[in-house]
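Here you go, sequence then predicted model.
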Amino acid sequence: MSSVNTMSQSPLLAPFPALRPAPGRAAEVIAPPYDVVDAARARRLVADRPHSFLHISRAEVDLPADTDPYAPAVYERARRNLDALRRTGVLQRDAAPGFYAYRLDADGHSQTGLVAAAAVAGYLAGRIKKHELTRPAKEDDRVRQIAALDAQTGPVLLVHRAHPEIRRLLACTCDTRAPDVDVSAADGVRHRLWVIADAGHIAALTAACADLSALYIADGHHRAAAAARVAAARGHTQGARFLAVAFPDDELRILPYNRLVRDLAGHDCHWLLTQVDERFEVTATTAPVQPGTNTELGLYCGGRWWRLRLRNAFRPAADDAVSSLAVSLLHTHLVEPVLGIVDPRRDPRIDFIGGSQGVAELTAAVDAGRAQLALSLPATSIGELLAVADAGAIMPPKSTWFEPKLADGLVSLLLDAD
């Protein structure tokens with residue numbers, strides 16, 4: 001399976017000495033990713049948890065409630081909090097570089113990935129491929145966070161095409177000995193981590209990873225872009241690395257990313273159904289609609305569900321990686337022409353509901369008056385994500401929702417490990 005690039009280019013993944021919770025301390029430390037909790041929820045989650053990693057990833061929880069989350073004081077406090085956890089021994093750095101096997105279990109689903117230091121140069125060269133645009137404010141935030149901490153504390157979720165040898169080597173670790181960390185988070189997700197310190201095992205994994213011609217960013221575009229900017233500012237992109245967990249494409253789980261629309265700009269549900277009838281076949285149903293194909297949508301308005309099927313005349317070519325996505329079809333044929341929402345990233349009329357909440361949350365939101373309209377979509381597939389990235393194209397915003405989420409604080413990468 002080896003190719004030319006493995007001989008002439010540096011490996012995309014490498015071992016590193018992780019900063020991680022001391023034995024027995026992980027349950028006190030791990031936290032949800034910084035970008036899936038708002039400030040109010042973060043403050044609730046840190047109550048009675050002085051060692052929660054949210055004190056680092058969302059350090060505004062330790063400042064007055066009206067503090068701007070992008071204020072310099074937030075990053076300064078994050079650095080102080082990280083230093084304190086290291087000084088008191090809650091976080092400890094491994095003595096030598098290694099790889100780490102990371103297994104997540106949730107709702108009967110299990111996935112096992114490799115924690116490693118990913119090459120910034122590979123990202124800049126397009127060997128670590130992206131499929132999303134970043135927002136400047138969010139990217140700037142991560143740049144300031146990384147620079148203040150001298151560390152990468154939020155892992156980038158990567159995906160690679162399934163590789164038998166990597167799978168075998170991880171199984172040799174995970175299936176033969178107890179994990180070094182085994183903790184269940186408040187949301188019920190089980191996080192297990194195995195330290196891979198044996199020199200022979202590290203060498204075998206390094207060789208197997210060198211066989212990967214490409215990696216794909218599944219989640220964490222802002223973190224990867226920020227890491228590249230910090231490395232460039234410090235003048236060493238060739239040797240720089242960023243924190244990542246790489247999973248095979250046949251294990252990652254993408255859940256639907258549904259939409260709520262706050263209002264119909266003065267119109268009612270009857271008007272809406274009349275408008276969509278031109279492009280969709282509309283069928284009333286007594287049950288919530290969870291679409292199974294990209295040309296099918298669910299619509300909930302006025303206490304009723306409808307199934308929408310895109311008429312054949314409006315279906316794009318199957319080989320158009322972006323236009324054939326469900327989120328693209330939704331925007332092209334309903335969100336923009338009917339609802340008048342041109343930029344869903346910035347228009348306050350539209351909101352996004354991802355993950356396991358599913359169509360029940362959509363129904364509840366509309367019934368409670370938090371929105372006038374709900375739209376359910378099928379989940380984007382891993383194959384679609386890879387096809388878009390391979391084409392060098394960009395997905396529409398809010399196209400993918402990966403679950404279970406990686407924990408913050410379980411493993412961090414100190415920049416002086418570069």
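Received the coordinates, thanks.

Break this structure down into its structural domains.
Domain assignment of the chain by automatic domain parsing yields the ranges 4-253+403-417, 255-399.

Could you work out the end-to-end span of the shortest one for me?
Its start and end residues considered, domain 255-399 measures 10 Å (Cα to Cα, to the nearest Å).

ranking the domains of the chain by burial, who's on top?
Comparing these by mean neighbour count (mean count of other Cβ atoms under 10 Å), domain 4-253+403-417 ranks first with a mean of 19. (C-beta placed from N, C-alpha, C; glycine too.)

Let me have the domains of the chain in CSV, extended by mean pLDDT.
Shown next, in CSV, are these (pLDDT from 0 to 100):
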stretch, mean pLDDT
domain 4-253+403-417, 94
domain 255-399, 95
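
Now Q111: closest residue in space, sequence neighbours ignored.
Of all residues not flanking Q111 in the chain, E251 sits nearest, at 4.0 Å (Cβ to Cβ, 6 or more residues apart in numbering).

That neighbour: what secondary structure?
Three-state call for E251 (DSSP: H, G, I helix; E, B strand; the rest coil): coil.

ok, longest strand in the protein?
In the chain, taking DSSP state E as the definition, the longest strand is strand 109-119.

Can you give the strand pairings for that strand, parallel or anti for each?
Strand pairing for strand 109-119, determined by DSSP bridges: strand 13-14 (antiparallel), strand 99-106 (antiparallel), strand 241-248 (antiparallel).

looking at those strands, which is closest to T295?
For T295, the closest of those is strand 241-248, at 28.6 Å, according to Cβ to Cβ.

separation between the residue sitting nearest the centre point of the chain and R142?
Nearest to the geometric centre of the chain sits D219, at 2.9 Å (Cα atoms, centre = their mean). For D219, the distance to R142 equals 13 Å [Cβ to Cβ, to the nearest Å].

got it, and R25?
R25 is 26 Å from R142, by Cβ to Cβ.

need the helices for the stretch 251-400 of the chain, in chain order.
Assigned by DSSP state H, counting those that start in this stretch, the stretch 251-400 of the chain shows helices spanning 269-276, 326-330, 358-367, 382-390.

would you turn those into a markdown table with distance to W306?
Below are the helices of the stretch 251-400 of the chain laid out as a markdown table (distance: least, Cβ to Cβ, whole Å):
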| stretch | distance to W306 |
| --- | --- |
| helix 269-276 | 7 |
| helix 326-330 | 14 |
| helix 358-367 | 13 |
| helix 382-390 | 25 |
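
between the ones you listed, which gets nearest to S399?
Nearest of those (Cβ to Cβ): helix 326-330, 4.8 Å.

Give me the helices and strands touching the closest one, please.
Here helix 326-330 touches strand 296-301, going by 3 or more Cβ pairs under 8 Å, 6 or more residues apart in numbering; DSSP states H and E.

what is the orientation angle of the strand it packs on with helix 358-367?
Here the directions of strand 296-301 and helix 358-367 differ by 30 degrees (axes from the mean of the first three to the mean of the last three Cα atoms, to 10 degrees).

got the CA positions of strand 296-301 in CSV?
Taking Å, rounded to 0.1, in the frame of the first residue of the first chain, the C-alpha atoms of strand 296-301 are listed here in CSV:
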residue,chain,number,x,y,z
GLU,A,296,-36.1,14.1,0.9
LEU,A,297,-36.8,16.6,3.7
GLY,A,298,-39.1,16.8,6.7
LEU,A,299,-41.1,19.9,7.5
TYR,A,300,-43.0,20.7,10.7
CYS,A,301,-45.2,23.7,10.9
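
So what are the sheet partners of it and their directions?
Strand 296-301 has these strand partners (DSSP bridges): strand 304-310 (antiparallel), strand 373-376 (antiparallel).

chain center to the last one: distance?
Just to be clear, that refers to strand 373-376. Distance, stretch centre to chain centre, for strand 373-376: 23 Å (Cα atoms, centre = their mean, to the nearest Å).

Dump the C-alpha coordinates for it into PDB.
Extracted in PDB, the C-alpha atoms of strand 373-376 (Å, rounded to 0.1, in the frame of the first residue of the first chain):
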ATOM      1  CA  LEU A 373     -40.800  26.100  11.300                       C
ATOM      2  CA  ALA A 374     -38.600  23.000  11.600                       C
ATOM      3  CA  LEU A 375     -36.800  21.200   8.900                       C
ATOM      4  CA  SER A 376     -35.300  17.700   9.200                       C
END
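
Let me see the residues that make contact with it.
256, 258-261, 264, 269, 272, 288-291, 297-301, 330, 334, 339, 359, 362-363, 365-366 (Cβ atoms under 8 Å, 6 or more residues apart in numbering).
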